[in-house]
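[1] all I have is the shape, not the residue letters:
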């Protein structure tokens with residue numbers, strides 16, 4: 001009798017490049033069916049028999065694994081509900097990658113950097129506060145050249161370099177009026193490139209991202225990606241980061257500073273791979289699904 005295909009739910013927009021790439025990879029690997037799941041359609045019941053469903057009451061218990069490929073914006077209630085849904089779904093025995101608690105830490109830059117700094121990993125000097133006055137004082141303390149980031153989010157969105165007191169005051173006042181947490185990092189001079197290390201299970205890939213026109217090195221902003229073999233130091237930092245945050249897969253961003261130090265900038269628990277797959281000529285979608293299958297089989301035999 002033929003083995004039934006592995007049923008993998010994919011929390012992603014159906015028309016996204018990543019959903020299409022994973023669907024392609026599933027067909028290539030065989031014995032894997034991928035179903036896209038919308039975060040906004042997650043449903044649950046509480047009572048005699050807890051049930052989890054998505055979409056038009058499709059039973060989520062029929063899925064053998066759930067791969068989180070996106071983390072959409074929402075109200076505080078919506079975000080908490082979605083994360084609690086994933087946590088309860090996992091508690092009932094489902095495989096969720098990455099694990100909900102690990103995702104909660106990884107999407108929060110403050111928690112992530114705090115955990116990694118406690119491991120002795122070098123991160124840029126960082127300051128967080130809620131008032132523009134405190135932020136302005138921190139701006140001066142950090143040397144008058146800072147990078148302002150949103151607490152949540154990635155791919156270079158919402159990031160601004162602030163080098164003048166007038167701009168600093170305007171930016172900090174605007175953020176305060178929107179009830180934002182002000183997240184400031186001391187700007188680290190660099191040579192126009194950073195390093196992305198992608199880890200999936202025990203496998204590692206690397207690329208450098210080079211920009212000649214912008215201090216930011218995100219591919220989405222036009223940076224050029226090139227394959228890169230991580231050094232022992234870079235590999236050690238990446239593996240320590242995954243261990244500290246208990247992530248199965250992650251993108252770890254490292255910045256070689258002009259001072260000769262290697263800084264950890266960010267750990268992405270929902271890592272993209274479009275640029276890296278092209279740079280490294282690797283089928284990352286297939287590697288991802290192969291890892292999901294290995295985790296499911298490992299837990300089934302335990």
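    Nice, thanks for sending it over. These numbers come from a predicted model, not from an experiment. Residues are numbered from 1 along each chain as shown.

[2] how about residues contacting stretch 270-284?
    Stretch 270-284 is contacted from outside by 17-18, 21, 25, 28, 68-71, 98, 103, 106-107, 155, 196, 198, 200, 205-207, 209, 219, 225-227, 249-251, 285, 288, using Cβ atoms under 8 Å, 6 or more residues apart in numbering. Any C-beta I mention is one placed from the backbone N, CA and C, and that applies to glycine too.

[3] domain-wise, how is the chain divided?
    The record's domain split for the chain, according to automatic domain parsing, is 6-97+284-301, 106-122+189-271, 126-186.

[4] I'd like those domains laid out as TSV, including mean neighbour count and distance to residue 277.
    Putting the domains of the chain into TSV (neighbours: other Cβ atoms under 10 Å; distance: least, Cβ to Cβ, whole Å) gives the following:
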stretch	mean neighbour count	distance to residue 277
domain 6-97+284-301	16	5
domain 106-122+189-271	18	8
domain 126-186	16	16
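
[5] neighbouring contacts of stretch 163-174?
    132, 135-136, 139, 144-146, 148, 160, 162, 182, 187.

[6] make it 6 Å
    Residues external to stretch 163-174 that are found in contact with it (Cβ atoms under 6 Å, 6 or more residues apart in numbering): 132, 135-136, 139, 145, 162.

[7] report all helices and strands that the helix or strand where residue 198 lies contacts.
    Under the criterion of DSSP states H and E, residue 198 resides in strand 193-200. Packing partners of strand 193-200 (3 or more Cβ pairs under 6 Å, 6 or more residues apart in numbering; DSSP states H and E): strand 203-210, helix 232-245, strand 249-256, helix 284-301.

[8] what would those look like in CSV with mean pLDDT and distance to residue 58?
    What follows is those, written out as CSV (pLDDT from 0 to 100; distance: least, Cβ to Cβ, whole Å):
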stretch, mean pLDDT, distance to residue 58
strand 203-210, 96, 32
helix 232-245, 97, 31
strand 249-256, 98, 25
helix 284-301, 94, 19
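
[9] to residue 265, which of these lies closest?
    strand 249-256 (4.4 Å; Cβ to Cβ).

[10] name every strand pairing with the following helix or strand past that closest one and say which way it goes.
    Using DSSP H and E, the helix or strand that directly follows strand 249-256 along the chain is strand 262-268. Using DSSP bridges, strand 262-268 pairs in its sheet with strand 249-256 (antiparallel).

[11] where along this protein do the helices fall?
    Assigned by DSSP state H, the helices in the chain fall at 17-29, 76-91, 100-106, 109-118, 132-141, 165-177, 232-245, 274-280, 284-301.

[12] and the last one, how far out from the chain middle?
    Distance of helix 284-301 from its chain centroid, counting by Cα atoms, centre = their mean, to the nearest Å, is 19 Å.

[13] same check on the fourth one?
    On the basis of Cα atoms, centre = their mean, helix 109-118 is displaced by 14 Å from the centre of the chain it belongs to.

[14] next, the angle strand 249-256 makes with it.
    Per axes from the mean of the first three to the mean of the last three Cα atoms, to 10 degrees, the angle that helix 109-118 makes with strand 249-256 is 70 degrees.

[15] helices or strands next to helix 109-118 in the packing?
    Partner elements for helix 109-118 (3+ Cβ pairs under 6 Å, 6+ apart): helix 232-245.

[16] quick one: the helix it packs on to strand 193-200, angle?
    Going by the same axes, to 10 degrees, helix 232-245 makes 50 degrees with strand 193-200.

[17] sorry, back to before: just the closest of the contacts of stretch 163-174 to residue 88, please.
    Nearest to residue 88, judged by Cβ to Cβ, of those is residue 135 at 37.4 Å.
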